[in-house]
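Enquirer: coords please:
(chains A and B)
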Amino acid sequence: MAYAVPKEAYNGKVLNVKFGKAPNAVSIGGENAMPFLSFEGEIPNKPVIAFEIQDMPPDDWPDTVKNQFAGVSSDPVKWAQRCQNELKAQAIALRLISTHPDRENRSPQDAAKTVKDVLSAINIPLIILGSNNVEKDASVLVAAAEAAGGYNCIIGKAQEGNYKTIVAAALAHNHKIIAMSELDINLAKQLNILITQMGFNKENLITDPMCSALGYGLEYTYSVMERIRLAALLQNDATMQPPIAGDVGMYVWKIKEVSASESEAPLWGSLEERGIAWEALTAAAMLIAGTNLLIMRHPKAVETVQKVIKELV
Amino acid sequence: MLVIGEKISIIAKKVREAMMKRDPKPVQELAAAQWKAGAHFIDVNIGPAEEKGEDLMKWMAESIQEKVHLPLCLDTTNPSALEAGLKAHNNQWGRALINSTSNEPERFIMLELAAKYNAQVIGLTLGKGGLPADAEERCAIAAEIMGRALEYGVPLEDIYLDPLILQVCTMQDHAMHALKAVKMFQELNDPPMKTVVGLSNISNGVPKEMRSLIDRNYLALLIYEGLTAAIMNPLDKDLMDTLKTVEVFVGKTLYAHSYLET
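Expert: I've put the predicted structure just below:
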């Protein structure tokens, strides 16, 4: 008897989310099989990587990644253009970090202007991220959603403490939403339910169960993401079917392994390679757990992960 | 677990009248309400249907599926009425389920129909010799039904074995026999055999206000034993909430505070 490959039968399907504007709109999700197991089902879209940029100079980034954007990183418009034109980014994630009360505490109006300036300088899809301050994001992301009206952006991150205002703004201006919970799968599900109970279409939702870097809790993120996918596909849990986002860069580029110098840690090898490898490895693990949208920083790490995707698809 | 909505039955006066008058509205409304409440199949029980059974079942299938996009569980002892229902069934919404074959020779034809129309079929573990005494006897009948299904060309994954639930108020021992049978049926094949019950049989004969309580507690035990499907009342919110809660315990549903609302 010929050998038959054992196959898992899935009942559910990840929702397909399309963001940005034609002709450069990007689709994520849509699969009815676990990541890269295309022999078991249909996987219509490859994972997408968005380059992270910020609305103020990235003084807190390690030199090895900061240097990659020397000359452009003091201006988000130039930074975005560099990612689009030279690095061939599929999408850009603009983090409005300057609005954080502990950073420059810039106003929602300032943030809205930055969003407008960036949007008018690029033609690829934009993800607009707040500073992860629950109260401030509620006002910043509302202003940003309005400024980005008509561009079909992804706005995030809506959390338990601020989702109502952010979701209302996304509804009013037709954007997608990233719903984030902190490594708590039951809360991730609950937040999705609460958001859809506001009348927000689940097909416009992306879930972020919170990322973590290799060596800093990656296995927890991995397990939560994998469980979300299994609920979506095997149990056909409609509340768990939005695509998954992994905000990799911000978690990787703050750990000691990517900044400790070669003289401090001679056994750890080249500092530059170490950082790139750390971001690429973390991102690759997220992909295998089920991430559809990665947010990353180092161009070499992005290039490496693109190669991984190409080989696995 | 699959919910087979039981409300469309000739036993209900409103349904019986609608059937006789061929008035689709009450039937469609009842089917739609069960769909909305979470049913995966709609049971269509037209009884023995000795007169104009073919026409009735065809009309029922078409009327219901015109409004409700679910497969039907066709429930009659009249084989030609059943065949008319299978012909009319819209497989776009899933494959029909025949209710039922058993070890009684006059019910063998249901397997023939299942094979002919690529339908699934309930195998009621009831034989020629009256009620099965215990779980073991139910399994012996199940094995005969399975063997016969294969002869007729019905794959075992299309069979739902039914242990025959009996009323607790007069046959108390059978509550445990049927539970044990649900567990044992699954061991008769790999992959495990599917199982189904007519849940409300358990509370037949008990005071009306106690029926829901008895149904839902028994359902919890059945789910724990691995039950695949139940013919039950999806409009009983307490019963549906019990189903959702037990599915959390057994890991079939991921917990969230609002799990009852999904």
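Enquirer: can you list the residues of the stretch 151-300 of chain A near chain B?
Expert: Residues of the stretch 151-300 of chain A lying close to chain B by C-beta under 8 Å from any C-beta of the partner chain are A:185-187, A:189-190, A:193-194, A:197, A:227, A:231, A:235, A:237-240. Where you see a C-beta, it was placed from the backbone N, CA and C, and this is true even at glycine.
Enquirer: how many neighbours does residue 234 have?
Expert: Going with chain A. 15 (other C-beta atoms under 10 Å in any protein chain shown).
Enquirer: you looked at the wrong chain, it should be chain B
Expert: Neighbours of B:Pro234 under the rule other C-beta under 10 Å: 23.
Enquirer: any idea what the most centrally placed residue in chain B is bridged to?
Expert: Closest residue to the average C-alpha location of chain B: B:Ile231 at 3.9 Å, with C-alpha atoms, centre = their mean. Assessed by DSSP bridges, B:Ile231 has beta-bridge partners B:Ile4, B:Gly198.
Enquirer: dump the residue contacts of A:Ile276.
Expert: For A:Ile276, the contact set (C-beta atoms under 8 Å, 6 or more residues apart in numbering or on different chains) comprises A:64, A:298, A:300-301, A:304.
Enquirer: let me redo that: B:Pro207
Expert: Contacts of B:Pro207 (C-beta under 8 Å, 6+ apart): none.
Enquirer: what's the distance between it and B:Val197?
Expert: 22 Å (C-beta to C-beta, to the nearest Å).
Enquirer: likewise B:Pro132?
Expert: For B:Pro132, the distance to B:Val197 - C-beta to C-beta - is 14 Å.
Enquirer: more neighbours, these two?
Expert: Set B:Pro132 next to B:Val197 and count neighbours by other C-beta under 10 Å: B:Val197 wins out with 28 against 24.
Enquirer: distance from stretch A:289-300 to the middle of the chain?
Expert: 7 Å (C-alpha atoms, centre = their mean, to the nearest Å).
Enquirer: tell me the mean pLDDT over that stretch?
Expert: Mean pLDDT, stretch A:289-300: 98.
Enquirer: equivalent analysis for stretch A:214-232, please.
Expert: On average, stretch A:214-232 scores 96.
Enquirer: cool, stretch B:233-244 as well?
Expert: pLDDT averaged over stretch B:233-244 gives 98.
Enquirer: mind listing the strands for chain B?
Expert: Counting by DSSP state E, one finds strands in chain B at the ranges B:2-5, B:41-47, B:72-76, B:97-101, B:120-124, B:159-162, B:194-198, B:229-232.
Enquirer: follow-up on the earlier one: show me which pair in the residues of the stretch 151-300 of chain A next to chain B is furthest apart.
Expert: A:Gln197 and A:Arg227 (22.4 Å; C-beta to C-beta).
Enquirer: which residue does chain B have closest to chain A?
Expert: Closest residue of chain B to chain A, C-beta to the nearest C-beta: B:Ala256 (3.8 Å).
Enquirer: spit out the contact partners of that residue.
Expert: A:186-187, A:189-190, A:193, A:239, B:262.
Enquirer: which two of those have the greatest separation?
Expert: Pairwise distances across the contacts of B:Ala256 peak at 14.8 Å for A:Leu187 and B:Thr262 (criterion: C-beta to C-beta).
Enquirer: for the residue in the stretch 1-150 of chain A that chain B sits nearest to, helix, strand, or coil?
Expert: The nearest approach of the stretch 1-150 of chain A to chain B comes at A:Ala9, 10.7 Å away (C-beta to the nearest C-beta). Using DSSP: H, G, I helix; E, B strand; the rest coil, the structure places A:Ala9 in coil.
Enquirer: and the pLDDT for it?
Expert: 89.
Enquirer: from B:Pro192, how far off is it?
Expert: From A:Ala9 to B:Pro192 the distance is 15 Å (C-beta to C-beta).
Enquirer: neighbour count for those two, which is higher?
Expert: Set A:Ala9 next to B:Pro192 and count neighbours by other C-beta under 10 Å: B:Pro192 wins out with 15 against 10.
Enquirer: now the more buried one, nearest residue through space, not along the chain?
Expert: Excluding the flanking residues, the one nearest B:Pro192 by C-beta to C-beta, 6 or more residues apart in numbering or on different chains is B:Gln186, at 3.7 Å.
Enquirer: ditto for A:Ala168
Expert: Closest to A:Ala168 by C-beta to C-beta, 6+ apart is A:Met198, at 7.3 Å.
Enquirer: number of nearby residues for residue 40?
Expert: Using chain A here. Around A:Glu40 there are 18 residues (other C-beta under 10 Å).
Enquirer: was after chain B, sorry
Expert: For B:His40, the count of nearby residues is 18 (other C-beta under 10 Å).
Enquirer: check contacts around it.
Expert: B:2-4, B:70-71, B:229.
Enquirer: ditto for B:Lys14
Expert: B:26, B:30.
Enquirer: what's the answer for B:Ser80, then?
Expert: B:53-54.
Enquirer: A:Gly149 - that's part of a helix, no?
Expert: No: assessed with three-state DSSP, A:Gly149 is coil; it does not lie in a helix.
Enquirer: residues near the nearest residue to it once chain neighbours are set aside, how many?
Expert: In this structure, A:Gly149 finds its nearest non-sequential neighbour in A:His173, 4.2 Å apart by C-beta to C-beta, 6+ apart. Neighbour count for A:His173, taken as other C-beta under 10 Å: 19.
Enquirer: contacting residues for B:Met193?
Expert: B:142, B:146, B:156, B:159, B:161, B:185-186.
Enquirer: narrow those residues to those in helices?
Expert: When DSSP state H is applied, these are split such that B:142, B:146, B:185-186 fall in helices.
Enquirer: on that earlier part again, reformat the strands of chain B as TSV; add distance to B:Glu112.
Expert: Putting the strands of chain B into TSV (distance: least, C-beta to C-beta, whole Å) gives the following:
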stretch	distance to B:Glu112
strand B:2-5	22
strand B:41-47	20
strand B:72-76	14
strand B:97-101	9
strand B:120-124	10
strand B:159-162	14
strand B:194-198	20
strand B:229-232	23
